[in-house]
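# I would like to see how this sequence folds:
(one chain, ligands or ions: 1)
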Amino acid sequence: MSEATTSASAAANNGAAISSSSSQPQVNTAQAPKRPKKVKKLTKKDIDEVLMHDIIELRGHNHWDWDSKTPPPFQNFEELEVTIGSLAQSGEGLGILPDRGEGWVLVVPFVIPGERVKARVYRHNWGYSHADLVEVIQPAENRIAQDKILCKYFGTCAGCQLQHISYPDQMKFKRQVVENAFKNYAGKYFASLPAVDPVSQSPIQSQYRTKITPHFEALNPKHQAAGTSQQVQIGFMQSGKRRILDIEDCPIATPIVNEGMKIMRADVQKNIASYKKGATMLLRESNPIVPGTESDNPPKTTKICVTDHKETITEWVGKFRFDYPAGSFFQNNNAILPSLIGYVQQQLHLPLSATASDSSSSDPSVSGNFAGPNHEIKYLVDAYCGSGLFGIACHEGFKKVLGVEISAASISCATNNLVLNKLSTETTAFHLDDADKIFAHIDFPSSETALIIDPPRKGCSDEFLDQMVAFLPARVVYVSCNVQTQARDLQGLLDRCAAKGLPGYKVEAIRGFDLFPQTRHVEGVMTLTRL
Ligand SMILES: C[S@@+](CC[C@H](N)C(=O)[O-])C[C@H]1O[C@@H](n2cnc3c(N)ncnc32)[C@H](O)[C@@H]1O
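Residues are numbered from 1 along each chain as shown. Sure thing, here's the model as predicted:
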């Protein structure tokens with residue numbers, strides 16, 4: 001059973017999306033999440049706020065009958081029947097309880113809109129409660145049959161949210177997630193945005209993750225002292241609980257990563273008594289060149305699983321080789337990278353007078369590479385460049401490329417990747433710096449410069465957007481694993497332009513890429529042209 005919060009008011013104190021000073025819970029749907037001066041890690045508040053947008057959309061209004069003292073209209077751990085009305089961005093189903101309170105909402109994982117389900121409530125917020133799925137009473141016609149579900153841990157493990165949904169339906173859901181993000185967090189400009197394009201599919205929907213990070217906890221010393229036998233749990237968090245689920249293999253991870261997991265599990269199990277604390281393990285696929293074949297064209301590669309953060313990973317994206325530290329950032333779905341890169345490249349080189357329909361007409365997962373360089377745009381800036389993925393793979397057609405990254409280990413790999421890919425260090429360079437200062441070092445003419453932004457989940461800081469508006473690159477391609485902060489940043493950018501009396505940017509295209517099949521996550525790519 002899940003840990004319960006005993007009163008709605010206690011839960012509401014955590015759910016800061018709801019104003020506790022007002023007698024009615026409110027979400028300010030007109031404004032983007034408040035941006036701290038220097039952007040920090042995303043908090044539960046931000047996540048609750050995203051969920052609240054989805055709840056308000058389902059209820060059709062933001063009027064509530066409760067104040068912060070109102071307890072939920074049922075007992076803790078009560079089992080309730082509800083019909084699922086929609087899927088939240090979290091991948092959880094939302095259902096209104098018509099006969100309990102006025103429109104109290106249940107948040108239930110692993111369900112599909114239209115299904116009648118039984119769920120056990122365990123944590124309450126102001127106007128909604130989280131519940132474990134107990135039973136699907138009336139399954140949706142499109143629910144994947146239990147014996148066809150990819151993973152035996154699905155429904156218990158917190159890692160995947162969508163394995164019970166067909167892949168085409170996952171794509172429809174993710175497109176909606178992207179659209180809702182722009183509606184809720186760039187609402188002022190939503191009417192002027194192009195329709196969100198269909199999500200580009202991953203060529204494989206299982207065995208795609210090149211990196212996983214399972215956890216384990218040390219044995220409980222009290223049980224050890226009493227000589228009670230204990231089973232060490234090595235795996236991922238359980239859905240809705242703060243407990244680790246023991247997992248022997250993960251069907252969305254690549255085969256070599258699963259082989260590595262077997263070896264690592266056996267090692268941890270054997271030596272568990274020596275661990276004072278639990279830990280998170282790293283398992284990452286690497287494809288190094290087989291020694292002696294370096295001068296072959298192409299050289300032979302092999303697959304290994306790396307577990308040491310400091311080791312170097314070798315990964316191939318199309319014709320490019322990327323070496324990077326095992327513990328640093330790199331995209332986790334190698335199979336979709338050629339089409340993501342092809343699309344970003346195509347978007348960078350759109351004619352500056354392109355229309356939205358020009359830019360979104362082709363499905364990059366089918367068409368592949370870009371049509372050719374746009375001679376109006378000669379310079380490329382790669383902000384948050386990591387180990388140089390976009391700067392290197394998209395360098396063709398640019399006179400100069402400059403990348404900036406805050407991790408010293410990544411930047412030294414990015415520089416080494418230039419050499420590995422035989423790119424000139426005269427025309428392509430990577431600098432160790434804060435992206436907030438990226439334009440301080442750039443003497444490219446802004447009307448001939450394209451900017452790639454690929455920040456962490458928290459998005460860009462105020463300082464980053466301020467300097468961007470001071471520079472005004474002619475083309476921007478913004479890649480993000482968090483479409484809510486991406487949309488918030490778009491609004492921040494356009495607001496800044498308006499405040500300065502500048503015409504701002506036209507949004508050419510918004511498209512999701514499915515880097516994370518079977519999960520709720522989607523990568524957003526947005527293309528802007530300076531007006
Ligand atoms: C989502 S990753 C993208 C990396 C790269 N574009 C890729 O696709 O491999 C974000 C990167 O931003 C870097 N980063 C975070 N904050 C930064 C900052 N303030 N300035 C520059 N880089 C930053 C991180 O170290 C990380 O490598």
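
# helix, strand or coil for the residue of the stretch 351-500 of the chain found nearest the ligand?
In the stretch 351-500 of the chain, the residue that lies nearest the ligand is residue 386 (2.8 Å; CB to the nearest ligand atom). Where C-beta positions appear, they are placed from N, C-alpha and C, glycine not excepted. When classified by DSSP: H, G, I helix; E, B strand; the rest coil, residue 386 comes out as coil.

# Now name the helix or strand holding residue 284.
strand 283-286 (DSSP states H and E).

# Can you tell me which residues in this structure are near the ligand?
Contact residues (CB under 6 Å from any ligand atom) of the chain with the ligand: 329-331, 384-387, 389-390, 404-407, 410, 434-436, 454-456.

# change it to 5 Å
If contacts are counted using CB under 5 Å from any ligand atom, the residues of the chain sitting beside the ligand are 329, 384, 386, 389, 405, 406, 407, 434, 435, 454, 456.

# The stretch 1-150 of the chain: strands as residue ranges?
With DSSP state E, counting those that start in this stretch applied, the stretch 1-150 of the chain shows strands at 79-83, 86-87, 93-97, 104-108, 116-124, 128-138, listed in chain order.

# Now list the buried members of the residues of the chain next to the ligand.
Neighbour counting over those (16 or more other CB atoms under 10 Å) leaves 329, 384, 386, 389, 405, 407, 435, 454, 456 as the buried ones.

# how about the longest helix seen in the chain: buried residues?
When the chain is parsed with DSSP state H, its longest helix is helix 167-185. Neighbour-count burial for helix 167-185, with 16+ other CB under 10 Å as criterion, is recorded at 169-171, 173-185.

# Packing partners of it?
Using 3 or more CB pairs under 8 Å, 6 or more residues apart in numbering; DSSP states H and E as the contact criterion, the neighbours of helix 167-185 among helices and strands are helix 44-59, strand 197-200, helix 483-499, strand 505-513.

# one more time with 10 Å, if that's ok
For helix 167-185, the elements it packs on are helix 44-59, strand 86-87, strand 197-200, helix 483-499, strand 505-513, strand 523-530, judged by 3 or more CB pairs under 10 Å, 6 or more residues apart in numbering; DSSP states H and E.

# Excluding sequence neighbours, find me the nearest residue to residue 114.
The shortest distance from residue 114 to any residue other than its chain neighbours is 5.0 Å, reached at residue 140 (CB to CB, 6 or more residues apart in numbering).

# Show the contacting residues for the one you found.
Taking CB atoms under 10 Å, 6 or more residues apart in numbering as the contact definition, residue 140 lies against 84, 111, 112, 113, 114, 115, 116, 164, 165, 169.

# wait, isn't residue 74 in contact with residue 129?
Yes - with contact taken as CB atoms under 10 Å, residue 74 and residue 129 are classed as touching, separated by 7.9 Å.

# ok, the two, which is more surrounded?
Under the criterion of other CB atoms under 10 Å, the comparison of residue 74 against residue 129 puts residue 129 first, with 27 against 17.

# Show the contacting residues for the more buried one.
Residue 129 neighbours (CB under 10 Å, 6+ apart): 4-5, 8, 11, 72-74, 76, 78, 80, 97, 100, 104-108, 119, 121-123.

# ditto for residue 308
The neighbours of residue 308, taking CB under 10 Å, 6+ apart as the test, are 282, 284, 325, 326, 327.

# which among those residues end up buried?
Applying a neighbour-count criterion of 16+ other CB under 10 Å, the buried members of the contacts of residue 308 are 282, 284, 325, 326.

# about what we covered before: return every residue with contacts to both of residue 74 and residue 129.
Taking CB under 10 Å, 6+ apart as the contact definition, residue 74 and residue 129 share the neighbouring residues 80, 97, 100, 104, 106, 121.

# Lowest pLDDT pick from these?
When these are compared on pLDDT, residue 100 comes out lowest, with 71.

# Neighbours of the nearest residue to that residue once chain neighbours are set aside, how many?
For residue 100, the nearest residue in space outside its immediate sequence neighbours is residue 73; the separation is 4.1 Å by CB to CB, 6+ apart. Residue 73 sits with 17 neighbouring residues when counted by other CB under 10 Å.

# same deal with the one 10 residues further on?
The burial metric for residue 83, expressed as a neighbour count using other CB under 10 Å, is 18.

# That one pairs with what?
Taking DSSP bridges as the rule, residue 83 bridges to residue 116.

# List the residues that contact it.
When contacts are taken as CB under 10 Å, 6+ apart, residue 83 is in contact with 93, 95-98, 106, 111, 113-117, 137-138.
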